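K.L.:
what follows is a predicted protein model with its sequence.
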Amino acid sequence: MKLLVTFVFILSLVSYAFGTVPDSTSMIEGERYLALMEEAETISYSSGIVSQIITTSGGDERVLTMKMWTAEDGDLSLMAYTDPARVRGDKILQRDGGDDIWYYMKRRDRIRHFSGSSRRQSVMGSDFSYEDLATGDLTDDYTAVFVGIEQCNGDSCVHLSCIPTESGPSYHHIEIWAGNDDYLTRRIEYYDEDGHLKTLYVSDFKMIDGRKVAMNLEMKNLRDGSRTVMLQKEISLTQEPDPVLFTKQALSRDLD
Amino acid sequence: MKSVFLLLTSLLILPVGAQVDISGYYENTLQVEYGDETDELLLDTSKLRLDFEAGGGEEELLFTGNINGITRHTAASLDVSAYLPEAVAAELESVGIGTIWPFPKDRIYVANAYLEWNTGGIRLRAGKQQLSWGPGYGFNPTDLFHRKDILDPTYEKEGVTAFRADYFRGIGGQISVIEVPGDTWESGGYAVRLCTHISTIGYDIALTLHQVQDTLTVDPVNFLMVEQKRRAVGLETSGTLLGLGIWFEGNYNYMESEDDFIRFISGIDYTFASGMNVKLEGLYNDRGENRTPYQSRQWLSYIMNGEPLAEFQGMVAVSKDMTELMTGSIYGFGCSDGSYLINPRIDYSIAQNADLTLYGGFTSGDDQGQFVPGLASFVGRITVYF
């Protein structure tokens, strides 16, 4: 027992000496940057058309297209698939940042209510899970540690290491790189218990209705060798969507 | 057939400029079945589903639905003795019902076709439509309008001709009133459903009231359907508890000419970090029996109407994305009569517009049980969407 205590003590000293245990300054800085990122990324509401291109490890490709609406700073979202025919008319409603999910199957005219843990499931076979798409509050979902200022795709970026809170996503931890000037995400690495699972690359920023918005999100799955690109084909930030869109009433309604 | 002709005619005479969206799928299902007591059985079925939709814009009615055409390329009859204990098959033979059941080689029918009008929070629907609800996966006790023929190769329920009015309020508030016409007002079916979503705890809750003409049971003497009034009070709920998804669906049934009964399902599910989803669901069926052998009339009701025989039935389902394009799942069913059914299944997206589904069914356990042992079936289905 004495040997174990001695070993842990020495390990702690070594860890501290090499900077692997966060000090209070890096934690305070981490929380500050996380709040800045949350403020920069929060979009009150949006509507648009998104293409989801899934490329398998074998090179096969599937393309899905959906109309998408968000509101209440991303806490509410509705996705209505328009292509391919297999899923046309199917809809996914998320409320409370993905805590509540309803799936509507048009061919069966049926709504299913999913539980919280279903957020971990893949969305239509893509490399995005429901919780990846749910844009909850970063400061509620993670505690952050400032790692440093690093170069990321040619930009100077803030690097944060984030651990999910109890109510946050199911990952073990994530590493985020965000622009040092605009605090918008450039890259996120997702880790589970077994290590590095996938990486999200955010690119092609454009000014839309006075806001800088990423038009290309690419998720690369390091274990399966697959990737999914979400291309923002159209987006508007000016018109607040009808609140009815974020209710179960909209699920079975024709939204064309 | 007449209804299909009328429907096609009405589509053709829509005003010039009215756009009709047509989509659907074609699929072929090949099923091979082996039984301990029966010969190899081969079923090859093609199905064409045509979905149509017109209108639905502002100030417009929506007209939507689908026509199904099903053709069986193999025998137009089925030996149901594979699904029955020997004694029951013998009794059905002795009373002249037999066990070789014919079915139409070709069938074209309107599965759903209805008009819909939306204004504010009100929606009105009239015509043949889906009236399914309830969170249950293996069985829906509160679905008293649809009838599932367990021998039907298609997995979609045919719509029910009804008038339906819905009033929506808030996130998930909904009042539904349904009338299914009968030969008289008295013999029609009626339902009211009051549903709400409680945001603070994330639960959907619904209360259902039904009055229908029940024809699901079979007379033990003449083997004809017993027609009786059935009134039911039901409750449904779904939400999350301690990270588990939970759901409940059940009702109390007041019967005109048999004992009242309770029937409910309750289930939990969990998705692991790997994405693997596990579901457990149990059915309590007060209308069923807690001991075998079941009577022949009960077997008929089970095969023709999908009425469960056993008092208790449990389901375990495990599913996981094996690759981006392939999902594997396995369903296990067990009854309190000691019989079991295992359904392994693979769903594979073989092209942008096509899916391949492979599944099997294997039964074991008590030879008087709901799942008669020794049955093995293998099904392959290709579906092409357009």
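P.N.:
Done, it's in.
K.L.:
show me what contacts B:H73?
P.N.:
Neighbour list for B:H73: B:44-46 [criterion: CB atoms under 8 Å, 6 or more residues apart in numbering or on different chains]. For glycine as for every other residue, the C-beta is placed from the backbone atoms N, C-alpha and C.
K.L.:
most neighbours of all the residues you listed, which one?
P.N.:
Of the contacts of B:H73, B:T45 is surrounded by the most neighbours, 18 neighbours in total, counting by other CB atoms under 10 Å in any protein chain shown.
K.L.:
what is it paired to in the beta sheet?
P.N.:
Note on B:T45: beta-bridge partners by DSSP bridges are B:T29, B:R72.
K.L.:
pLDDT wise, what is it at?
P.N.:
The predicted structure scores B:T45 at 91 on the pLDDT scale.
K.L.:
what do you get for the one 3 residues further on?
P.N.:
Per-residue confidence for B:L48 comes out at a pLDDT of 96.
K.L.:
so what's the residue count around it?
P.N.:
Using other CB under 10 Å, B:L48 has 14 other residues around it.
K.L.:
do A:T56 as well
P.N.:
By the measure other CB under 10 Å, the count of residues near A:T56 is 20.
K.L.:
how much space between it and B:A89?
P.N.:
Look at A:T56 and B:A89: by CB to CB, to the nearest Å, they are 48 Å apart.
K.L.:
where does the chain have low pLDDT?
P.N.:
If you meant another chain, say so; for now it's chain A. Low-confidence segments of chain A, defined by pLDDT under 70, span residues A:1-22, A:135-136, A:256.
K.L.:
oops, wrong one, chain B.
P.N.:
Flagging of chain B using pLDDT under 70 yields the residue ranges B:1-18, B:37-38, B:148-154.
K.L.:
dihedrals phi and psi, the spatially closest residue to B:N140 that is not a sequence neighbour?
P.N.:
Setting aside the residues directly before and after it, B:N140 is nearest to B:G134 in space (CB to CB, 6 or more residues apart in numbering or on different chains), at 4.2 Å. According to degrees, to the nearest 10, the main-chain angles of B:G134 amount to phi 100, psi 140.
K.L.:
residue numbers of the stretch 51-200 of chain A in contact with chain B?
P.N.:
Contacts of the stretch 51-200 of chain A with chain B, taken as CB under 8 Å from any CB of the partner chain, map to A:54, A:56-57, A:60-63, A:84-86, A:88, A:95-96, A:99-100, A:107-110, A:112-122, A:125-127, A:129, A:170, A:192-193.
K.L.:
among these, name the ones in strands.
P.N.:
Among these, the subset assigned to strands under DSSP state E consists of A:54, A:61-63, A:95, A:100, A:110, A:112-114, A:192.
K.L.:
which among the residues of the stretch 51-200 of chain A next to chain B count as buried?
P.N.:
Taking 16 or more other CB atoms under 10 Å in any protein chain shown as the criterion, what is buried in those is A:54, A:56, A:60, A:62, A:84-86, A:88, A:95, A:99-100, A:107, A:109-110, A:113-122, A:125-127, A:129, A:170.
K.L.:
quick one, helices of chain A?
P.N.:
For chain A, helices defined by DSSP state H occupy the ranges A:2-17, A:24-41, A:130-133, A:138-141, A:248-251.
K.L.:
would you put the C-alpha positions of the second one in CSV?
P.N.:
What follows is the C-alpha trace of helix A:24-41 in CSV, where atoms were taken according to Å, rounded to 0.1, in the frame of the first residue of the first chain:
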residue,chain,number,x,y,z
SER,A,24,-5.8,27.0,-12.5
THR,A,25,-4.6,29.6,-15.0
SER,A,26,-5.1,27.2,-18.0
MET,A,27,-8.5,26.2,-16.7
ILE,A,28,-9.6,29.8,-16.3
GLU,A,29,-8.3,30.6,-19.7
GLY,A,30,-10.0,27.5,-21.1
GLU,A,31,-13.4,28.5,-19.7
ARG,A,32,-12.9,32.1,-21.0
TYR,A,33,-12.1,30.9,-24.5
LEU,A,34,-14.9,28.4,-24.5
ALA,A,35,-17.4,31.2,-23.6
LEU,A,36,-16.0,33.3,-26.5
MET,A,37,-16.4,30.3,-28.9
GLU,A,38,-19.9,29.8,-27.7
GLU,A,39,-20.7,33.4,-28.3
ALA,A,40,-19.1,33.4,-31.7
GLU,A,41,-20.8,30.2,-32.9
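K.L.:
go through that helix and flag the buried ones.
P.N.:
Buried positions in helix A:24-41, judged by neighbour count with 16+ other CB under 10 Å: A:26, A:29-31, A:33-34, A:37-38, A:40-41.
K.L.:
so which residue of the stretch 1-150 of chain A comes closest to chain B?
P.N.:
For the stretch 1-150 of chain A and chain B, the shortest gap (CB to the nearest CB) falls at A:S115, measuring 2.4 Å.
K.L.:
could you double-check that that residue sits in contact with B:G267?
P.N.:
No. In this structure, A:S115 sits apart from B:G267 without contact. The criterion is CB atoms under 8 Å, and the distance is 10.5 Å.
K.L.:
now do the shared contacts for these two.
P.N.:
In the contact map built from CB under 8 Å, 6+ apart, the residues linked to both A:S115 and B:G267 are B:I246.
K.L.:
B:Q298: which element?
P.N.:
Secondary structure from DSSP states H and E places B:Q298 in helix B:296-305.
K.L.:
next to chain A, which bits of the stretch 201-350 of chain B? Give me the list.
P.N.:
Remark: the part of the stretch 201-350 of chain B in contact with chain A comprises B:202, B:204, B:238-240, B:243-247, B:269-273, B:275, B:277, B:321, B:323-325, B:327, B:349, using CB under 8 Å from any CB.
K.L.:
buried subset of these, written for PyMOL?
P.N.:
Here is the PyMOL selection string for the buried members of these, based on 16+ other CB under 10 Å:
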select buried, chain B and resi 202+204+238+239+240+244+245+246+247+269+270+271+277+321+323+324+325+327+349
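K.L.:
got the phi and psi for whichever residue of the stretch 151-300 of chain B sits closest to chain A?
P.N.:
The nearest approach of the stretch 151-300 of chain B to chain A comes at B:G245, 2.4 Å away (CB to the nearest CB). Geometry field for B:G245 lists phi and psi as phi -80, psi 140, criterion degrees, to the nearest 10.
K.L.:
if I read this right, it contacts B:D269, doesn't it?
P.N.:
Yes. Contact between B:G245 and B:D269 holds when scored by CB under 8 Å: they sit 4.3 Å apart.
K.L.:
so for the two, which residues contact both of them?
P.N.:
By CB under 8 Å, 6+ apart, B:G245 and B:D269 have these common neighbours: A:115, A:117-118.
K.L.:
returning to what we had before: counting neighbours, what do you get for the residue nearest to B:N140?
P.N.:
Burial measure for B:G134: 23 neighbouring residues, criterion other CB under 10 Å.
K.L.:
now A:S203
P.N.:
Other residues within reach of A:S203 by the criterion other CB under 10 Å amount to 12.
K.L.:
check contacts around it.
P.N.:
Applying CB under 8 Å, 6+ apart, the residues contacting A:S203 are A:153, A:186, A:214-216, A:218.
K.L.:
top strand in chain A by residue count?
P.N.:
Ranking each strand of chain A by length (DSSP E) puts strand A:195-208 first.
K.L.:
that one pairs with which strands?
P.N.:
For strand A:195-208, the pairing partners within the sheet under DSSP bridges are strand A:185-192 (antiparallel), strand A:211-221 (antiparallel).
K.L.:
right, and those - which one's nearest B:Y252?
P.N.:
Each of the strands paired with strand A:195-208 was scored for nearness to B:Y252 using CB to CB, and the closest is strand A:185-192 (45.6 Å).
K.L.:
that closest one: how far from the chain's middle?
P.N.:
Relative to the centre of its chain, strand A:185-192 is centred 9 Å away, using CA atoms, centre = their mean, to the nearest Å.
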